[in-house]
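In: Here is my input, please return the structure:
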Amino acid sequence: MYRKSEVKDCKTIYSLICALENRNLSYERFAEIYGKQLLDEQYYCLIYEQNNSIQGMLNLRFEEQLHHAAEIAEILEFIVSENCRGEGIGKRIFQRACEIAKNRGCIQIEVACNQLRKSSHLFYMREGMHNFHFKFSKSLCSEEEGINALGRDFTGEIF
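Out: Model prediction:
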């Protein structure tokens, strides 16, 4: 079953996001941001639930962009539980997210994906996405410029 996430899903989604990032995030700050997003119509956190257990989630942000003169949907976070991968759940969640974005009037769906996530790149290409852009980032709170690593917590400690 697909549905929009609710307040009660916060801890499960937090666990999924920590697994995605391979690090422990501040739960208090996570819950605060999650609560704000639930109230903001510019966000839509889609979950896939099976047997009363959340198996995957995809978080969308909708944004009107000047260079498109239209609204775009951006995938901010997307993960399927490790024990459910390979069952087509990710494909179905992605397709449902595309339907939600299209029904909202978005002309495009985008995602920025860490260069280290090679299997994710293959997934997105299989789903018809194209790699036309580069995304650049700069840390504003760390001296570790240019490091592209999964598995650092918010203090910089490696897991």
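In: And the lengthiest helix in the chain, what does it pack against?
Out: Longest helix of the chain, by residue count under DSSP state H: helix 89-104. Packed against helix 89-104 by the contact rule (3 or more C-beta pairs under 8 Å, 6 or more residues apart in numbering; DSSP states H and E) you find strand 2-4, strand 43-50, strand 53-65, strand 70-80, strand 108-111. Placement of C-beta: from N, CA and C, glycine included.
In: Save these as a markdown table, and put in mean pLDDT too.
Out: Listed next are the helices and strands packed on helix 89-104 as a markdown table, based on pLDDT from 0 to 100:
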| stretch | mean pLDDT |
| --- | --- |
| strand 2-4 | 96 |
| strand 43-50 | 96 |
| strand 53-65 | 96 |
| strand 70-80 | 96 |
| strand 108-111 | 96 |
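In: so which of those strands comes closest to residue 31?
Out: Comparing the helices and strands packed on helix 89-104 by their distance to residue 31 (C-beta to C-beta), the top pick is strand 43-50, with 13.2 Å.
In: orientation of the least confident helix or strand in the chain by mean pLDDT relative to helix 89-104 in degrees?
Out: Here the helix or strand of the chain ranked lowest by mean pLDDT, DSSP states H and E is helix 118-126, holding a mean of 89. Inter-element angle recorded for helix 118-126 and helix 89-104: 50 degrees (by axes from the mean of the first three to the mean of the last three C-alpha atoms, to 10 degrees).
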